[in-house]
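Novice: what follows is a protein structure lacking sequence information:
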């Protein structure tokens, strides 16, 4: 799908630059063979890293691929998103298979400056998609949900200020909003429109602000921080114990964090845990997180790794043998099956995305469309970990999504996990340096 708003800007400014969604390498164009450097198709050129303060290349497609080698079809290292700017070399490495030239970009890789990328920093798409993501907030953009079933539009290429309907979104569909525009709909009525990250539009009047979960996990500073418990039901109360008698006390809120003393007491078949402030909670009302007593062999030094229990939904970050953060996740229900061998095991983080721009909006297992899930990590198993801005079910129930965290927790894990995403990139398909990987243990 093209970023049609940019085409509208292009016509207004008498600009004839083409704009396509490139999901692979840019389409081949006949260049001047005399400008191409000689390099074997399977060789990775050794080029200097472009300076951070050097000239820029801008992305004008939803997905602008960054390739390992300057040839169509080379391995994808990552991608840029429309509106992004990245430092580049002053001159193209070659023009073979790319009329606009293959430009080395910072810190590594090549981008074809034809159709999906531009050297013109005044390009209309860079103007239209100028809102860059917030990289230190729970959500990288402003998010909205549809209040009703609503049309989705794109610009009508036959008219400068008109739109045409290209599909429908169900009520509760979620998306990031990065701009606005007014245009005439097919009935001739002027509509105020919200611009989505993929260049399409939804009526502003049919949207309401998303209300993501405010749940956050717990930073672990000292040994005394464990054990702790998360409240995972609504209507839970604490108790006072008197011998073999229990008496209900104050009401606890969903996702409350309780620090435990480590003591427990059974009354009949009901197990109670003592909190550090003298209260008691039933084991069946909480998820208890205790210190680990055994560790995988690789848990040495400062090695970063995630430990996820699909039964309890507890996710813990470790550096070596030291736990640093613990939270609750919603884990795919298939991971609980007895034959879920594909889910369980030790994996690595192999990719990162600010938002899952290439993910189909119906791929999250919900009954409505979802765009722009933030803070995506790809595991070597193919599973994804990301922020879910559309529910608050963390640690409570399991769904059809992969590994879902609250937006704040997903941002926390994303920033902590290696490899780091280079500046200006939207997605990283594989680590750029050997050994730069975070391990992930998924177990019952």
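Specialist: Arrived safely, thanks for sending. Keep in mind that this is a model prediction, so the values were computed, not measured.

Novice: alpha carbons only for contacts and neighbour counts from here, please
Specialist: OK.

Novice: any idea how far residue 373 is from residue 280?
Specialist: Residue 280 sits 38 Å away from residue 373, going by C-alpha to C-alpha, to the nearest Å.

Novice: for residue 327, same thing?
Specialist: Per C-alpha to C-alpha, residue 327 is found 19 Å from residue 373.

Novice: before we move on, what about residue 320?
Specialist: As defined by C-alpha to C-alpha, residue 320 lies at a distance of 30 Å from residue 373.

Novice: who has more neighbours, those two?
Specialist: Using other C-alpha atoms under 10 Å as the criterion, residue 320 and residue 373 rank with residue 373 on top: 28 against 18.

Novice: so what's that one scoring on pLDDT?
Specialist: Here, the pLDDT recorded for residue 373 equals 98.

Novice: ends of stretch 298-307, how far apart?
Specialist: Taking C-alpha to C-alpha as the criterion, the two ends of stretch 298-307 lie 13 Å apart.

Novice: so what touches that stretch?
Specialist: Identification of contacts with stretch 298-307 by C-alpha atoms under 8 Å, 6 or more residues apart in numbering yields 315-321, 417, 438-443.

Novice: cutoff 6 Å now
Specialist: Here stretch 298-307 makes contact (C-alpha atoms under 6 Å, 6 or more residues apart in numbering) with 315-321, 438-441.

Novice: where's residue 100 relative to residue 42, distance?
Specialist: Residue 100 is 21 Å from residue 42, by C-alpha to C-alpha.

Novice: those two: which has the busier surroundings?
Specialist: Per other C-alpha under 10 Å, whichever of residue 100 and residue 42 has more neighbours is residue 100, with 22 against 11.

Novice: quickly find the element holding that one.
Specialist: Assignment of secondary structure by DSSP states H and E places residue 100 within no helix or strand.

Novice: give the contact list for the residue nearest to residue 172 when sequence neighbours are not counted.
Specialist: Leaving aside its sequence neighbours, residue 172 sits nearest to residue 146 (C-alpha to C-alpha, 6 or more residues apart in numbering; 4.8 Å). By C-alpha under 6 Å, 6+ apart, the contact set of residue 146 is 171-173, 206-207.

Novice: ok, 8 Å please
Specialist: For residue 146, the contact set (C-alpha under 8 Å, 6+ apart) comprises 169-174, 206-208.

Novice: residue 383 now?
Specialist: 343, 402-403.

Novice: out of those, who has the most neighbours?
Specialist: residue 403 (27 neighbours).

Novice: and the pLDDT for residue 94?
Specialist: For residue 94, pLDDT reads 96.

Novice: how about the strands of the stretch 1-150 of the chain, start to end?
Specialist: Using DSSP state E, counting those that start in this stretch, the strands of the stretch 1-150 of the chain run over 56-59, 64-67, 76-80, 85-87, 102-104, 110-112, 117-118, 142-146, 150-155.

Novice: of all those, which one is nearest residue 270?
Specialist: Within those, the stretch nearest residue 270 is strand 142-146; the backing value is 42.1 Å (C-alpha to C-alpha).

Novice: buried residues in the helix or strand containing residue 239?
Specialist: With secondary structure defined by DSSP H and E, residue 239 is part of strand 237-242. Buried residues in strand 237-242, counted by 16 or more other C-alpha atoms under 10 Å: 237-241.

Novice: just stretch 376-386 next, same as before
Specialist: Neighbour-count burial for stretch 376-386, counted by 16+ other C-alpha under 10 Å, picks out 376-380, 383-386.

Novice: stretch 289-297 too?
Specialist: By 16+ other C-alpha under 10 Å, the buried positions in stretch 289-297 come out as residue 289.

Novice: ok, stretch 413-429 next?
Specialist: For stretch 413-429, burial by neighbour count (16+ other C-alpha under 10 Å) applies to 413-415, 417-421, 424-429.

Novice: give the bridge partners for residue 317, please.
Specialist: Note on residue 317: beta-bridge partners by DSSP bridges are residue 306, residue 325.

Novice: go ahead and confirm it touches residue 324.
Specialist: Yes - in this structure, residue 317 is within contact of residue 324 by C-alpha atoms under 8 Å, at 5.6 Å.

Novice: these two - which one has more neighbours?
Specialist: Between residue 317 and residue 324, residue 317 has the larger neighbour count (other C-alpha under 10 Å), namely 23 against 17.

Novice: domain-wise, how is the chain divided?
Specialist: Following automatic domain parsing, one finds the domains of the chain at 1-130, 142-209, 227-289, 304-443.

Novice: make a markdown table out of the ones you listed and add distance to residue 136.
Specialist: What follows is the domains of the chain, written out as a markdown table (distance: least, C-alpha to C-alpha, whole Å):
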| stretch | distance to residue 136 |
| --- | --- |
| domain 1-130 | 17 |
| domain 142-209 | 13 |
| domain 227-289 | 23 |
| domain 304-443 | 8 |
